[in-house]
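Novice: Any chance you could fold what I've pasted below:
(one chain, ligands or ions: 1)
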Amino acid sequence: MFTFGFSDDGTESDCETEKHNFELPEKTTPSWKECEEIPIGPNLLHSELFDEQSDYMLKIEFEDTFVIKHVSPEIVAEIICKTQNADDTIVKAEQQHSDLVPAVYEGGLKIWQCTYDILNHLYQKEINFKGQKVLDLGCGAGILGLYAYKQGAKVCFQDYNPEVLKHVTIPNVLLNNREDTDTPKDCRFFSGDWQSFIEVTAEEFDSDDKLFDCILTSETIYNCENYVKLNQVFKSRLKKSGIIYLGAKTCYFGIGGNMRCFEDMIKADDIFKIEKVWENTEGVNREIVTLKFK
Ligand SMILES: C[S@@+](CC[C@H](N)C(=O)[O-])C[C@H]1O[C@@H](n2cnc3c(N)ncnc32)[C@H](O)[C@@H]1O
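Specialist: Below is the predicted model of the structure:
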């Protein structure tokens, strides 16, 4: 087991599986942000970052094996609200106490429960990422990618909001830097919508050996509108021999997304074999599924 501190962000678990249309929207909603690669640059926490005693720094400890350090999402949110412009996406979302504002702020600032579920699963199953190429898709704080990075993987962190990457994910990578240089070369960061991510990175992922051995993705299926794009990232960025670990609540009450609906789309598409490898039925129902090419 590993240890950490978090508050339960769960919602009710019962919901009905609605019928959904799995067609790509005619044209992606114009307001979805374009993909950009975010360089490692100055971040809001730079001076405080490496102070072990600081309240900014939290740790997830894996018995005596290793530790993932990360900044406190709550404190980062407070700093963003104090220092950034009132028009800033995250400032607005925080002021409205919103975890999600579709196509504006997609919730990456806090660490969601299924991140801990996947982490626990990977640790229990002794899954090792040494030498692998890993994509942490919808990474938020990037804890799953960091788990792979600490073991020697090259990791691509993708989050919708550039602010999350700049002020949370990149500081977290710097806290866990295993390389000799100040700017870790084995990590890259991409913001923006999944569909744009596919288009913008198409040239560099043009052969199987350049694709990812593993895609880790936690709490990314709450919005059915995004399922086709998500599946397209999976199909276009996973190696033929690769594996996806997807953790999610069984149902996102009031938002519409749910695991059965996602599973139906994958089965109808008939490209991946989807298998439930873990579930929690006490309290908020949550699951981990794996996807592999058939
Ligand atoms: C609920 S957060 C989960 C964050 C993190 N995986 C965790 O478990 O703590 C959902 C994440 O999915 C990503 N996301 C959702 N919709 C997206 C889209 N259409 N394009 C790109 N990223 C998206 C956002 O970046 C956001 O960080």
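Novice: Quick check: nearest residue in space to N161, chain neighbours excluded?
Specialist: Closest residue in space to N161, ignoring its immediate chain neighbours: G108 at 5.5 Å, by Cβ to Cβ, 6 or more residues apart in numbering. In short, each C-beta sits where N, CA and C put it, glycine included.
Novice: list the contacts for the one you found?
Specialist: G108 sits next to 138-141, 159-161, 164, 168-169 when contact means Cβ atoms under 8 Å, 6 or more residues apart in numbering.
Novice: pLDDT value on it, please?
Specialist: Here, the pLDDT recorded for G108 equals 92.
Novice: How about the secondary structure of L49?
Specialist: Secondary structure, DSSP: H, G, I helix; E, B strand; the rest coil: L49 is coil.
Novice: secondary structure element for R260?
Specialist: Per DSSP states H and E, R260 falls inside helix 259-269.
Novice: Kindly point out the strands partnered with the very next helix or strand once past that helix and how each is oriented relative to it.
Specialist: Per DSSP H and E, helix 259-269 leads on to strand 272-280 as the next helix or strand towards the C-terminus. Partners of strand 272-280 in the sheet, by DSSP bridges, are strand 286-293 (antiparallel).
Novice: For this protein, which element, helix or strand, carries the lowest mean pLDDT?
Specialist: strand 2-3 (a mean of 54; mean pLDDT, DSSP states H and E).
Novice: Please work out which residues outside the helix or strand just after it touch it.
Specialist: Remark: after strand 2-3, the chain's next helix or strand is strand 36-37, criterion DSSP H and E. Here strand 36-37 makes contact (Cβ under 8 Å, 6+ apart) with 162, 188-192, 200.
Novice: Which of these fall in strands?
Specialist: Within those, residues falling in strands by DSSP state E are 188-191.
Novice: Write a ChimeraX command that selects only the buried members of the residues you listed.
Specialist: A single ChimeraX command selects the buried members of the ones in strands among the contacts of strand 36-37 (16 or more other Cβ atoms under 10 Å):
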select :188,189,190,191
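Novice: tell me the two of the ones in strands among the contacts of strand 36-37 that are most distant?
Specialist: R188 and S191 (11.3 Å; Cβ to Cβ).
Novice: In which helix or strand does Y227 reside?
Specialist: Assessed by DSSP H and E, Y227 sits inside helix 227-237.
Novice: Within range of the ligand, give me the residues from the stretch 1-150 of the chain.
Specialist: By Cβ under 6 Å from any ligand atom, the residues of the stretch 1-150 of the chain that approach the ligand are 106-108, 111-112, 114-115, 138-141.
Novice: Switch the residues you listed over to a markdown table; also include secondary structure.
Specialist: What follows is these, written out as a markdown table (three-state DSSP):
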| residue | secondary structure |
| --- | --- |
| E106 | coil |
| G107 | coil |
| G108 | coil |
| I111 | coil |
| W112 | coil |
| C114 | helix |
| T115 | helix |
| G138 | coil |
| C139 | coil |
| G140 | coil |
| A141 | coil |
